[in-house]
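K.L.:
everything below, folded, please.
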Amino acid sequence: MCVGGAQGQHAATRQEQYHKNGQSSLVHENATPFQVHSGGGVSVGNDNGCPGSSQMSLSSRTAFVLRERLALGGSRADDWAGAAWGVAGMMMPVGRGPVWWLSRRPIMSRPGFAGFRTTRCLQAAGVLLAGCLWTWALAGQGQASNGSGEPNDPNAIAAESVASVGQGPLAEIVTVESLESLRKQSAELPGLDEAARTRIAETYSSAIAALKSADELAARAVQYRQRCEAAPVALEAVRKQLGSFTAPPEPNVAANLTVAQAEASLTQAVAAVEEARKKAAELEAEPKRRADRRTQIPAEAASARQQIEEADKKAAAVAGAQGPVERANLLLWELQKRAAQNRLEAGSEELKFYEATGELLTAQRDLAARQSASAQKQVDFWQARVAALQQAAAESARRQAAAVKEQTRYADPVVQAIAQENARLAELQAEWVTKVQQTASSAEMIAATLSRLQDDYTEITRQVEMAGKVTDTMGLLLLSQRDKLPDVAESRRRIRSRPSDLAAAQLRAMEYEKQWSRLSDLTDEYEAVEGALDSSLDASGRAAILQEVKDYYESRRNLLRALSDLHWDYITKLAALDRTEQAMVAMVVVFSDFIDRHVLWVRSRQGFGTDDLRQSVRALRWVFSVGNGRVLVRTVWRDLRDQPLYYLMLAAVGAGCIVLRPRLRRRIESIAEELRQAQNDRFIHTLSVLGLTVVLATGWPLWAVLFQRRLSAAPEDFCRAVASGLWRLAVAVWLLDLLRCAAMSNGLAQAHFRMRADAAAFLRRHLGWFMVASGIVVFGLEVLRAQQQNDLWYATAGRLVLMAGLVQWSVFLGIVLGPKGPLMDFYIKQSRGGWLERLRYVWYVPCEIVPAGFAVLAGMGYLYGARRLAGRLFLTFGLVLLLMLIHGLFVRSLEIAQRRLAILERLRRLVSRSDAGTATEGTSGAHGEETVEGKDGRERTIFEISLQTRRLIGAVSTAALLVGLWYVWRDVLPAMAGLGGYGLYQTGERLVTLGAVAAGLVIALVTVAVARNVPGLLEIAVLRRLPLDRGARFAIITVSRYIIVVVGVVLALTEIGVAWSKVQWLVAAMTVGLGFGLQEIFANFISGLIILFEQPIRVEDVVTVGEVTGRVTQIRIRATTIRQWDQKELIVPNKEFITGRLVNWTLSDNMVRLDICVGIAYGSDVRKAERLLYEVAAADSRILRDPAPVVLFMAFGESSLDFELRVHVGRIEDRMPVRHALHMAIDDAFRREGVEIAFPQWDLHIRSVAPQAAENLARRPL
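P.N.:
Okay, the predicted model is just below:
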């Protein structure tokens, strides 16, 4: 019941007073006055049949609200409210009050006595009286309130209303509207803080949800109860429909039915069959849904009982509490308890419904299946009718066009051209009708295949789930099902080519529509035709021809319209076919993956026994029988007569293999001779040898493939089996022979990949016998698999052949990969101390034992698993060979690039030495003092670049190997296949799996490897080929490293569920915090970026910072390394280069000026000194001529005439050597010409001396 005003505590008090005064005679003393119903209504009294047990009418509800509102007033209002309540109870129309009692008296039921009308009159009078009493009660309430002097405050009334919830019975809050009102009023409660108000509002919101849930569950229980009661009637109706069901007859087709009308009927039939299929699918899925619900309902019931117990415990814990929060919680718990009780009832009714409607569901499924089949027949009928009508229309148009073409053979050339074009369009129409029909047929076939696959997959997965595991019997079933799966290779090819077909069809359709629209106005065509007609024709002849042309153009317009419609119909059907075929391919992939995961370790055969031996003997006799040999010879001879040119080509290929092989070998050896001269070494030679090796190994496998193509078209079973075996033989022999040719003397492995001659000969020798044995095994195994004579032969004789092949694999790998053998000894010595040497027995033992273990599995009966594992082993072998080839090519290119860098550096040093050759003999020491650092640094740089690139190639090769092994083996080992889907944690809407974490780890490792080693690869592969100095190259490398790290970190974090959008604010906050805490480090980092982009200094620049001068060798994130002339390295923070004073000697160019100061004695010839200085400067070739040397007479010194020689050198490295050479040359020239170089001297003039001192000086000898 909705309580709209202040009620609560006063209402409860009034009820207690009524009970005490005996005024509540209509309510049983032990009954709850009001109870909540599932529909939100109120029951008065109890449920045991006492008066007042039915729902309250509008009048009684209104009277009760009136009474509760007036309960806040004085005694007079209370009296009037009591009177209104009593009248309302008496006048209750559906309750068992006095009116009801009076209407049930015999006098009221006598014939002719209008008991019903009397009852209605009494009810109306009661309502009128209650309304009058209500009005007087309101007046009394207003007087009582105003008389007391206390105004009616709405906020106070709302507060009192909310505060009183929980003190009275629960039934006082019964509807969503009343709860919404109380929730809104909770925001205005005085004396409570905001948190308490929020909690109360949330409690009421939860109570609303609980009430809605209780109503929904009660309605559901009623619905199940009603459906259960109606089940027998429904079952009888369905059985009658099944008994009288007959397939509808074929529709009556009018003789003049058009294609458009037939297509409209087809559309209706398709809609009907889709609706029938949808209904049948829902009914087919219903048993599984019910089975799931039968397991879910007990769990829901247990949860509901637990909720009831918890609600009772919570209510008992706060019993007697008077706070508004507690009282609101009591209301919530009571409603939650009622919802849980209704859930129990709904679950019970649902189970009863399932028990009662089992037969009904079976009958409904049967009826839906029949209706779906009947609807499908209608679709088939109309599809056939549409196809027949289209074909007939196309044939009719084609015949008419052909007839017209024949009729106009001798007509005017203009008319003849128009008729010929119409005939061509009619032929196209017939072709496109056939094409559309073929597309529709293909779509139907693929849809049927998809439906069958889906049904089989659903059934098999259900059986596996019920059994809990795959037994041997189920494994055989899965294997047979896998053999029935369609080959999707052709489907994938069609899917790839279909977008271009759709685009071409759309273009043609639009072109036909454009031509059709152009022919709507034939004025231009008429003018063109009239202008092309013979001028000798009279007017009637011209008019006849023009009318004929008009008819032909109308016919062409119809043809164009039909062609356009056919194209759009074809596009629609082709798009539907594409979707269906893609779904079919996906279903095949899912089905095959499911089978592969479950049947790998299932025994497909028993252990090898005597019966298997007898079957193997029979199989071998069949393979080598004379009859099969005759069949093969007859087939080849017959095909030779039919296709002589093809076999002539086969003979040419065989002759080419015999003749060209020696020439190819000689060419490979001649290239190896050229490589012995370093100046002739080019990477193109390696690529040429690789191509020649591939051609050398392709000859005989190509011949086998060409011969196989002819045999595969033969009708005989043995010929087709031999053709399939030749294909597998060609692939295996080509791969092994490619490796053998690569290991030839002076071949790819020895001359280009630097393999030792003994290792290459060892590998080549053992590959010879292994290739022959493997070819026999592969050929025999495929012939036994492809033959159709006896399926047991592949499981018996094929098992023996497979076991023999695996044993020979084990022997071959044990010999070739032995750690002490020449081949592995070569690789181990190349990586001395590496993982290959440390784990040599860890990888050698599995390589030798694993193939033999697969052979044992095949002998034990795990034939399917052994065969699949052997195939993966062969793929692994091919993967390793491919990665070894790619790794060798990269290393080879690295060696060539490294040699080229070393040669260029050596030439540079030779040029430097030749430039310094004209200097004096003593110059070499000073020059060497400064250039030793540059020489060692460049050699060390080349070595570091090569080492970094090798590490990068090794890391990428290892990562590629791991990824390749994962993809080769992941569908074989269930643990590996399921690893990627194992969930670890949830981030938002994404589930982060173990595979994602592994991928993130791999990305992080690859990022570290690439960031550390990418400089060498960029330096050799790209930057050395660009016109960039070393400083620019270093800046590009450093920035590239930063970008790689950032991208790698973002990708790794994304894989583990940490998206940039989630961490950008955290990163920003951390950046600000670290920026304040680590100001110097961040300043140096930003300064480093400024240095890299602005380039005030570069690597190899000569700079002066403070009192330190040296060459920049490295620019890192925090600091820059400067190597001084005495080989000491100074670490300078990057901030010093940006905020401090810096001298860069080589920023814009390397030219440096030297100032040589020379003082000559007074009295010397200054003009001769000037000439000598110019001559000395001109004699040194390292001194630039532009700007020219300058000699200046600077000053008259204290003891010398000061001259200054100013010269410029082109490189900073020549600064000290040239200064030294000039000093030596100036001294020699001045000595030779007699120019005295002044030296400091002091003259002392004595003006007065004591007599005794003078005597002493006189006595001292000079």
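
K.L.:
what bits of the stretch 451-600 of the chain have low per-residue confidence?
P.N.:
Within the stretch 451-600 of the chain, the segments meeting pLDDT under 70 span 468, 472, 524, 526-528, 530-538.

K.L.:
now with 80?
P.N.:
464-477, 479-480, 482-483, 520-549, 551, 596-600 (pLDDT under 80).

K.L.:
let me see the ranges of the helices in it.
P.N.:
472-484, 489-518, 523-532, 539-599 (DSSP state H, counting those that start in this stretch).

K.L.:
for the stretch 701-850 of the chain, same thing?
P.N.:
Using DSSP H, counting those that start in this stretch, helices in the stretch 701-850 of the chain cover 717-742, 757-786, 791-816, 822-830, 835-838, 840-860.

K.L.:
please apply the same query to the stretch 301-450 of the chain.
P.N.:
Assigned by DSSP H, counting those that start in this stretch, the helices in the stretch 301-450 of the chain fall at 324-356, 358-407, 413-467.

K.L.:
how about the ones you listed in a markdown table, adding distance to L702?
P.N.:
Bear in mind the C-beta positions are built from the backbone N, C-alpha and C, glycine included. Compiled in a markdown table, these are given as follows (distance: least, Cβ to Cβ, whole Å):
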| stretch | distance to L702 |
| --- | --- |
| helix 324-356 | 67 |
| helix 358-407 | 45 |
| helix 413-467 | 34 |
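
K.L.:
okay if I get these as CSV plus distance to L477 and mean neighbour count?
P.N.:
Formatted as CSV, the helices of the stretch 301-450 of the chain follow (distance: least, Cβ to Cβ, whole Å; neighbours: other Cβ atoms under 10 Å):
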stretch, distance to L477, mean neighbour count
helix 324-356, 31, 21
helix 358-407, 25, 17
helix 413-467, 7, 17
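
K.L.:
for those, which one sits closest to D596?
P.N.:
helix 413-467 (13.1 Å; Cβ to Cβ).

K.L.:
where exactly do the strands run in the stretch 1101-1250 of the chain?
P.N.:
Chain-ordered strands for the stretch 1101-1250 of the chain, with DSSP state E, counting those that start in this stretch as the definition, fall at 1102-1105, 1108-1115, 1119-1124, 1129-1133, 1142-1144, 1152-1160, 1190-1196, 1201-1209.

K.L.:
export the ones you listed to a markdown table and tack on distance to G964, mean pLDDT and mean neighbour count?
P.N.:
As requested, the strands of the stretch 1101-1250 of the chain are exported to a markdown table (distance: least, Cβ to Cβ, whole Å; pLDDT from 0 to 100; neighbours: other Cβ atoms under 10 Å):
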| stretch | distance to G964 | mean pLDDT | mean neighbour count |
| --- | --- | --- | --- |
| strand 1102-1105 | 49 | 85 | 20 |
| strand 1108-1115 | 37 | 83 | 18 |
| strand 1119-1124 | 41 | 84 | 19 |
| strand 1129-1133 | 44 | 84 | 15 |
| strand 1142-1144 | 50 | 82 | 15 |
| strand 1152-1160 | 56 | 89 | 18 |
| strand 1190-1196 | 70 | 91 | 14 |
| strand 1201-1209 | 57 | 91 | 19 |
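
K.L.:
returning to what we had before: V253 is nearest to which of the helices of the stretch 301-450 of the chain?
P.N.:
Of the helices of the stretch 301-450 of the chain, nearest to V253 by Cβ to Cβ is helix 358-407, at 6.6 Å.

K.L.:
can you list the domains in this protein?
P.N.:
Per automatic domain parsing, the structural domains of the chain span 8-159+167-180, 192-249+258-385, 408-599, 610-861, 1152-1233.

K.L.:
centre of the chain to the longest one, how far?
P.N.:
By that I understand domain 610-861. 38 Å (Cα atoms, centre = their mean, to the nearest Å).

K.L.:
also stretch 1155-1172?
P.N.:
On Cα atoms, centre = their mean, the centre of stretch 1155-1172 falls 82 Å from the chain's centre.

K.L.:
quick one: residues in contact with that stretch.
P.N.:
By Cβ atoms under 8 Å, 6 or more residues apart in numbering, the residues outside stretch 1155-1172 that reach it are 1173, 1191, 1193-1194, 1197, 1199-1207, 1219, 1222-1223, 1226, 1229-1230, 1233, 1235-1238.

K.L.:
for the helix or strand L885 falls within, which helices and strands make contact with it?
P.N.:
Per DSSP states H and E: L885 is located in helix 863-915. Contacts defined by 3 or more Cβ pairs under 8 Å, 6 or more residues apart in numbering; DSSP states H and E place helix 863-915 against helix 539-599, helix 683-711, helix 717-742, helix 791-816, helix 840-860, helix 923-969, helix 994-1021.

K.L.:
how about those helices, which one is nearest R338?
P.N.:
Closest approach to R338 among the helices and strands packed on helix 863-915 (Cβ to Cβ): helix 994-1021, 45.0 Å.

K.L.:
I'd like to know how many residues surround G821.
P.N.:
Using other Cβ atoms under 10 Å, G821 is surrounded by 16 other residues.

K.L.:
find the nearest non-adjacent residue to it, please.
P.N.:
Nearest residue to G821 in three dimensions, chain neighbours excluded: F762, at 6.6 Å (Cβ to Cβ, 6 or more residues apart in numbering).

K.L.:
residues in contact with that neighbour?
P.N.:
Neighbours of F762 in contact, by Cβ under 8 Å, 6+ apart: V816, G821, P822, L823.

K.L.:
which pLDDT value belongs to the last one?
P.N.:
I take that to be L823. Per-residue pLDDT puts L823 at 81.

K.L.:
tally of neighbours for the closest residue in space to it that isn't next to it in sequence?
P.N.:
Excluding the flanking residues, the one nearest L823 by Cβ to Cβ, 6+ apart is A759, at 4.7 Å. A759: 19 surrounding residues under other Cβ under 10 Å.
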